[in-house]
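# Build me a structure from this.
(one chain, ligands or ions: 1)
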Amino acid sequence: MKIAVLIGSLRQGSYNLQLAHTMKERYINKMDLDIAEIRSLPFFDQDIELNPPQAVKELLGKVARADGVLIITPEYNWSVPGVLKNAIDWLSRVDKVLIGKPVMTAGVSPGMMGTIRSQLHLREILASPGIQAKLLPPAGNEIYISSAGLKFDETTSRLVDDSTLRFIDRVVDKFIELTRQ
Ligand code: FNR
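Alright, predicted model coming up:
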């Protein structure tokens, strides 16, 4: 099962990227996680959407070919980071490659709230007419990881908190089921 991954942080030491690497390794026998390059996407511009630059074409192709999408994002000022929103805006136009696509979301923050606001906004965005992604219901499936400094290993840069990992295991199994439907 091929899953395209969008990360809402460009930071090299990003906890959200560390979660993506953790999940890529942990679920290697269940899904093939392929982290998409969104750093070089231009700002969305309706004037060029019919003939967009190569970076946009590559992202659209990757998501179109994927069985599902995993979005892992921090919270910036109580919402989704602009770099992620920009990528989603590109994905919402022309071929509308997210319509009906299974999408799973997760997020990590060093603070107490674990990206709750960001992910609530993200769920609203993913329900919009140009997107209409297929999501698991929020109840029991919200991966908000708080206090990242205590849950990630500084040396290996991987999530090591056992109960969080076991919770993610359960959501991943449900997401795989959703993707197979
Ligand atoms: C933040 N941060 C943050 N944290 C939070 O819990 N709620 C918020 O609204 C914000 N807002 C915010 C805005 C901006 C511009 C920055 C740079 C940061 C802190 C954020 O959670 C922290 O920097 C994370 O470590 C970012 O995720 P990565 O880069 O580690 O994946």
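
# Which residues of this protein lie near the ligand?
9, 11, 14-16, 74-78, 109-111, 113 (Cβ under 6 Å from any ligand atom). (Glycine included, C-beta is placed from N, CA and C.)

# Just the buried subset of the residues you listed, please.
Buried members of those, counted by 16 or more other Cβ atoms under 10 Å: Ser9, Ser14, Tyr15, Asn16, Pro74, Glu75, Tyr76, Ser109.

# Bridge partners for the residue most central in space within the chain, pull those for me.
The residue lying closest to the centre of the chain (Cα atoms, centre = their mean) is Ile71, at 0.6 Å. Per DSSP bridges, the residues bridged to Ile71 are Leu6, Thr105.

# Show the contacting residues for it.
By Cβ atoms under 8 Å, 6 or more residues apart in numbering, Ile71 lies in contact with Val5, Leu6, Gly8, Leu84, Val103, Met104, Thr105, Ala106, Leu122.

# and it, how far is that from Pro42?
20 Å (Cβ to Cβ, to the nearest Å).

# Restricted to helices, list the residues of the chain next to the ligand.
Of the residues of the chain next to the ligand, the ones assigned to helices by DSSP state H are Tyr15, Asn16.

# Need the residues of the chain next to the ligand in CSV (columns: pLDDT and distance to Lys24).
Supplementary listing: the residues of the chain next to the ligand in CSV, determined by pLDDT from 0 to 100; distance: Cβ to Cβ, whole Å:
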residue, pLDDT, distance to Lys24
Ser9, 98, 16
Arg11, 98, 18
Ser14, 98, 14
Tyr15, 98, 15
Asn16, 98, 13
Pro74, 98, 18
Glu75, 98, 22
Tyr76, 98, 24
Asn77, 98, 28
Trp78, 97, 28
Ser109, 98, 21
Pro110, 98, 22
Gly111, 97, 25
Met113, 94, 26
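
# Tell me, how many residues neighbour the nearest residue to Ile143 once chain neighbours are set aside?
Closest residue to Ile143 apart from its sequence neighbours, by Cβ to Cβ, 6 or more residues apart in numbering: Ala106 at 3.7 Å. Residues lying near Ala106 (other Cβ atoms under 10 Å) number 23.
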